[in-house]
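Engineer: got a sequence here, can you build the structure:
(2 chains)
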There are 2 protein chains.
Amino acid sequence: METNHVITTNSRFLYGLATHHRLKSKGMKTLLRNARILSLEKDFSIQEGDVLVEYGAIKKIAPKIKEKGVDETIDCRGGLLLPGFKNAHTHSAMTFARSYSDDLPLREWLFDKIFPLEALLRPEDQYYLSRLAILEYLTSGITACFDMYYNPLEMARAAKEMGFKAVLLGTVTKDRESVAEMVESYHEINDGNPLVSYQLGYHAEYTCSEEILEELSKASHKLRCPIYTHTSETYGEYEGCKERHHGLSPVEYAESLGLLDYGGGGFHGVAFSKEDIEIYRKHGCSLVTCPGSNAKLASGIAPLTDVLKAGVNLAIGTDGPGSNNGLDFFYEMRLASVLQKLRLMDPTAMKGTDVLYAATVGGSIAMGLLDACYVKEGQRADLVLIDLDRPNMRPLNDIANNLVYSGGKDDVRMTMVEGKVLYLDGKFNVGCPLEEIVSKAEEVTSRLKSEYESSHR
Amino acid sequence: METNHVITTNSRFLYGLATHHRLKSKGMKTLLRNARILSLEKDFSIQEGDVLVEYGAIKKIAPKIKEKGVDETIDCRGGLLLPGFKNAHTHSAMTFARSYSDDLPLREWLFDKIFPLEALLRPEDQYYLSRLAILEYLTSGITACFDMYYNPLEMARAAKEMGFKAVLLGTVTKDRESVAEMVESYHEINDGNPLVSYQLGYHAEYTCSEEILEELSKASHKLRCPIYTHTSETYGEYEGCKERHHGLSPVEYAESLGLLDYGGGGFHGVAFSKEDIEIYRKHGCSLVTCPGSNAKLASGIAPLTDVLKAGVNLAIGTDGPGSNNGLDFFYEMRLASVLQKLRLMDPTAMKGTDVLYAATVGGSIAMGLLDACYVKEGQRADLVLIDLDRPNMRPLNDIANNLVYSGGKDDVRMTMVEGKVLYLDGKFNVGCPLEEIVSKAEEVTSRLKSEYESSHR
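Structural biologist: Sure, this is the predicted structure:
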């Protein structure tokens, strides 16, 4: 394997792993037959065989499995089975803002559009809006997302009902959500349901007071849990932080408050110095890059090659639909690579395989989903099946690079979460019809827009 | 309409329009019902209605069409009908090189991989390899491509057999293909078949002698036809040209030889000065940007906002699958916009609507397909139907921006060329099974690779 990503068993990331008491009731038994398998456990080699899925986990992988009592058999011939993509940074409920505020200056976008619209959101709106995002995740093979938003119980409800996996992230700021509320959510949501877990976070340095961050640091030390935040998204934020905090960058400032003592990580990292990278390495933090959002908002390009070279875990996120706008992991992967090539004016920068690793294993690590990294016996069955017979996936000169540089959502044949097929051949299986999810999201969006427009007349 | 693109009837582009004697035999009569129609003729407004297609053309558009003798009715409810995307720069036959030479330095990629492999190509290989690319074009709603490669009759054969539209482009260099051969192809291919036409081109300034370009200029003046070429793809090429030609840029040099006197245009234009843009404007030339390829090869970012501001026609191309690697117009559109935002560090740069216009009407203009610009009575029926009920296309805050910033290949319900449905709901209708096209392309690729590898042992 030509990457620097190594998972050690005593990794600090383990502090962040929510204990998943798996469902012990008799679940579906599914046999995935005749697949090419990109396990990603050791390298990018591909083996052929069958995969038996039981109780939401991968029970057996072998060239030919004969098994009794199988509920469902899926012929994967012509397909590639790999770990599902992990969308390691998003704000799912922001589907309402998609294409409502494009091509605007950042401040106007945020203060004149996004914040006023968000202020009108009711908690149950988030449930309806998040469901739409979950459907979209499934279409590009995303099996789990790291969702940063208020009222996490609403996204948790959507994920559990639909069978999707969500790591919910607290978002303390000086105006909304307290550390005490987050600690409550931490215990409430990390209750053993395999689909949802919860981590502690703060919105950003520039939206929190030092008192709040000190309180958060104490909570993190008490729970021995990691902390996540938006960090260094723009050069302005980076310079502003230095002015506010005696020359400390957002990462240095977080370290000074003990916020990195149990790992965790940051989203964006566009303005990310060599010193910041070294701090992340030292604390076992992950950087979650959001190339689509950073490009669309003209924030810049994160120094991903330096991050990888230092051995820092890299993950990928779409960011929210308000800024990006689509939630397409194939786009994010391809963009992550080509932006590094442009940044360095060097076509050898950022290999396709490094991107694929970040999109899958790197994301799992960042999100504390260490049991959903690989196609491997004992791991959770969070899988995606890619149709290798689509014209864009041919010829099969290099399957991993085909995925990153030629892949698209129409190649996704199946997305499986916790052993359940949620998306197959373009159709959803999430307990609620597509039409209903779409129409409820449209209804909420219309109400928000009409309330916003009437208050801005 | 908020763009600068205006087509005037006495446009110089008209010089380049190959005369299309349409098939007069009784063709299919197809009724497209209940569509939302983004005609693009005047602005980005959308009307609802039916579209009647006959003899390969759009015969009638009305809120409700009652017509006898319809052969085929397609219910477009929930869909958006718009002009097909025009891939204005590609080398279709280069599918053999996809993912065979990624993440390499440009010279190594070109001289150690691409050129030696190309030297092994037999003409009929190009037919088999181009068929694979055509399938891929259809999956992202591309209805025509501007194909620059040797042996254009092979791509012409593939396009005609499959029902796809191709504008073939001669590629004179000092080593391969002569101007006389191109003139012969010009007459041979522009024979009235509505699916194929031919234009004159040269590979690039740096691969042609001045004698050849003078001969080409004469041919263009005689035929009153435009000339196309790779131009200013890299800063190295731009500076090299200035050294070779008394300080003239590739565009200035082309102008000095009379190569722009009948319009035409250039591919890439990364190193494109204000003076170059003014020359293009003056001669009615089109710039075809290839953001995916320029990013992957780390060539840079073309100054598209300056090009648009000057009123130069802008089109978009994927470039070949050897460099890009996927041929996905949704990726190209989104990238075209966000790279401008990054280039200028300005999120307001390059609106989604400007990109959508370039991908459709701009491409038609660049390729001399002026009869396939709009969804309009009398225009050719080269259309794409987008599924607006996919989760990524919702909510419908702004349909044009949804297409550019959230669209993906899985949204393409139908691709129609010259009134014939070639792709519908993920299935191809091109006169040959997918499996056969894929396996022939794999067979050719394997042979090329094994010949290349045995000669490089």
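
Engineer: how about stretch A:36-49: buried residues?
Structural biologist: Using 16 or more other CB atoms under 10 Å in any protein chain shown as the test for burial, stretch A:36-49 gives A:36, A:37, A:38, A:39, A:40, A:44, A:46, A:49. The C-beta positions use only the backbone N, C-alpha and C, and glycine is treated the same way.

Engineer: for stretch A:103-121, same thing?
Structural biologist: A:103, A:104, A:106, A:109, A:110, A:113, A:114, A:117, A:118, A:120, A:121.

Engineer: just the C-alphas of it, formatted as PDB.
Structural biologist: Written as PDB, here are the backbone C-alpha positions of stretch A:103-121 (Å, rounded to 0.1, in the frame of the first residue of the first chain):
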ATOM      1  CA  ASP A 103     -22.800  32.900  -6.600                       C
ATOM      2  CA  LEU A 104     -23.000  35.400  -3.800                       C
ATOM      3  CA  PRO A 105     -20.200  36.900  -1.700                       C
ATOM      4  CA  LEU A 106     -19.600  34.900   1.400                       C
ATOM      5  CA  ARG A 107     -20.900  37.400   4.000                       C
ATOM      6  CA  GLU A 108     -24.000  38.100   2.000                       C
ATOM      7  CA  TRP A 109     -24.600  34.400   1.500                       C
ATOM      8  CA  LEU A 110     -24.200  33.700   5.300                       C
ATOM      9  CA  PHE A 111     -25.700  36.800   6.900                       C
ATOM     10  CA  ASP A 112     -28.400  37.800   4.400                       C
ATOM     11  CA  LYS A 113     -29.600  34.400   3.400                       C
ATOM     12  CA  ILE A 114     -28.400  31.400   5.400                       C
ATOM     13  CA  PHE A 115     -28.700  32.800   9.000                       C
ATOM     14  CA  PRO A 116     -32.100  34.400   8.500                       C
ATOM     15  CA  LEU A 117     -33.500  31.200   6.900                       C
ATOM     16  CA  GLU A 118     -32.000  29.000   9.600                       C
ATOM     17  CA  ALA A 119     -33.600  31.200  12.300                       C
ATOM     18  CA  LEU A 120     -37.000  30.200  10.800                       C
ATOM     19  CA  LEU A 121     -36.300  26.500  11.000                       C
END
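
Engineer: what residues does that stretch touch?
Structural biologist: For stretch A:103-121, contacts defined as CB atoms under 8 Å, 6 or more residues apart in numbering or on different chains pick out A:93-94, A:96-97, A:100-101, A:234, A:297-299, A:322-323, A:448-449, A:451-452, A:455-456, B:346-352.

Engineer: report the residue spans of the stretch 1-150 of chain A with pLDDT below the cut-off.
Structural biologist: A:1-27 (pLDDT under 70).

Engineer: all helices of the stretch 301-450 of chain A, in order?
Structural biologist: A:304-309, A:329-344, A:352-357, A:363-367, A:399-406, A:434-455 (DSSP state H, counting those that start in this stretch).

Engineer: what's in contact with stretch A:57-68?
Structural biologist: The contact list for stretch A:57-68 (CB under 8 Å, 6+ apart) reads A:22, A:29, A:31, A:33, A:37, A:39, A:48-53, A:375-381, A:419.

Engineer: which residue ranges form the helices in the stretch 151-300 of chain A?
Structural biologist: Going by DSSP H, counting those that start in this stretch, the stretch 151-300 of chain A shows helices at A:152-162, A:179-189, A:210-223, A:235-244, A:250-256, A:274-283, A:291-296.

Engineer: most packed of these?
Structural biologist: helix A:291-296 (a mean of 26; mean count of other CB atoms under 10 Å in any protein chain shown).

Engineer: list the contacts of residue A:248.
Structural biologist: Counted by CB under 8 Å, 6+ apart, residue A:248 has contacts A:241, A:242, A:256.
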